[in-house]
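Colleague: Give me coordinates for this.
(2 chains)
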Amino acid sequence: MILFQWLSLPVLALAFLVDFARIFRVPGWRRFYLFRAALWAAAAAAIADPALTSHVANAIGIGRGADLVFYLFVLAFVVVSLFFYAALNRLQRQITDLVRILAIRNANAPVDSVSGSSPRER
Amino acid sequence: MPGTWILVPAYNEARRLGATLQALAAFQPRIVVVDDGSTDDTSAVARAQRVHVLRHVINLGQGAALQTALDYALGQGAEYLVTFDADGQHSADDVEGLLDPLRRGEADVVLGSRFLGQAVDLPVGRRVVLKLGVVFTRLFSRIRVTDTHNGLRAFSRTAADRIHLTQNRMAHASELLDQIRQLGLRYIEVPVTIRYTDETLAKGQSSWNALKIVGQLLLGRIVR
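Modeller: Residues are numbered from 1 along each chain as shown, chains lettered A, B, ... in the order given. Okay, the predicted model is just below:
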């Protein structure tokens, strides 16, 4: 084994064990911890046996294991970016709604105006 | 108060807002100024007039300010709503021309067009970008207009009630056209006059913002 394997495999094994235990101890988050545990296991397998990625790549028509890993990272990057962009948009809408409610509630009407119905809040 | 309401979003317009509101004096007090988190005396200038003044505690963008003004005016019982820029580029004389098609029931939304009317001192570069915006809008929003980013517009109450802008900044103008088409609202363009000065050009959006708007709109189609 090379130094990188000696350093990374124990860390990944620990991460796997922690998340595997959480599958049973944290109800409601089972699928999340199952996914994460599978991720650590896949990473450990690829690092322990570098030829493994090549076998998988060849099986699905990709020439090299490194290319497969690269493609997976590109896909993951796009998915994660869109996820965070959507989350940012939702947060921005919440802030906007809050600022709008405050603005409408604290509106200054001219002294001689007769107010109609109360300001509309969506 | 039913009737016609003028909606004026404003950001750091303490120097020009007073003159704009004076020009719109005939519509007082049914004018609502939304101070979009200004760092100058915009709110104070507005409060010195017989108008309704709302203030965003942080700067959100013109789209957000417009939606706030729409919500407030609808809550006040507005029948017709006219959006009007605070910087003096628009002419108060054009407001009646915007309202006529609404009163006759010919349209739900009336859009001002500087290219049907007049664009005084419009730089060539800005004209090119605006024209490209028209082409983009015809392809992307599938709506035929001659001026896509004109802040002078009028809405019937029904139309304003159905529209909801989620783009806080300058992409709101394109989003509005999108919603007009998606909601099946009847629209018409009328000629208006836009006057440019060095000051308003410096403050207005740069031509590079057009790319940002396109990006926001395209992303908005795939991400909620």
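
Colleague: What helix or strand is residue B:45 located in?
Modeller: Under the criterion of DSSP states H and E, residue B:45 resides in helix B:42-47.

Colleague: SS state for residue A:4?
Modeller: helix (DSSP: H, G, I helix; E, B strand; the rest coil).

Colleague: err, residue B:115, not the other one
Modeller: Following three-state DSSP, we place residue B:115 in the strand state.

Colleague: and the residue most central in space within chain A, how far is that from residue B:86?
Modeller: For chain A, the residue nearest the mean C-alpha position is residue A:80 (5.5 Å; C-alpha atoms, centre = their mean). In this view, residue A:80 and residue B:86 are 40 Å apart by C-beta to C-beta, to the nearest Å. Using the backbone N, CA and C atoms, a C-beta is placed for each residue, glycine as well.

Colleague: same check, this time on residue A:84
Modeller: 35 Å.

Colleague: For residue B:112, list the residues it contacts.
Modeller: Neighbouring residues of residue B:112 by C-beta atoms under 8 Å, 6 or more residues apart in numbering or on different chains: B:90, B:94, B:98, B:147, B:150, B:151, B:152, B:153, B:189, B:190, B:191, B:192.

Colleague: what's the helix or strand for it?
Modeller: In the assignment (DSSP H and E), residue B:112 maps to strand B:109-120.

Colleague: With residue B:68 instead?
Modeller: helix B:62-75.

Colleague: Then residue B:189?
Modeller: Judged by DSSP H and E, residue B:189 forms part of strand B:187-195.

Colleague: can you point me to the longest helix in the chain?
Modeller: Using chain A. If each helix of chain A is counted by residues according to DSSP state H, the longest one is helix A:65-105.

Colleague: I was thinking of chain B, sorry if that wasn't clear
Modeller: In chain B, taking DSSP H as the definition, the longest helix is helix B:124-140.

Colleague: Now find how far off-centre it is within its chain.
Modeller: 17 Å (C-alpha atoms, centre = their mean, to the nearest Å).

Colleague: How about it, which residues are buried there?
Modeller: Buried residues in helix B:124-140, counting neighbours by 16 or more other C-beta atoms under 10 Å in any protein chain shown, are found at B:126, B:129, B:130, B:133, B:134, B:136, B:137.

Colleague: Is it possible to get JSON lines of these that adds distance to chain A and pLDDT?
Modeller: JSON lines is the format used below for these (distance: C-beta to the nearest C-beta, whole Å; pLDDT from 0 to 100):
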{"residue": "B:126", "distance to chain A": "28", "pLDDT": "78"}
{"residue": "B:129", "distance to chain A": "26", "pLDDT": "80"}
{"residue": "B:130", "distance to chain A": "27", "pLDDT": "80"}
{"residue": "B:133", "distance to chain A": "23", "pLDDT": "80"}
{"residue": "B:134", "distance to chain A": "27", "pLDDT": "81"}
{"residue": "B:136", "distance to chain A": "21", "pLDDT": "80"}
{"residue": "B:137", "distance to chain A": "22", "pLDDT": "80"}
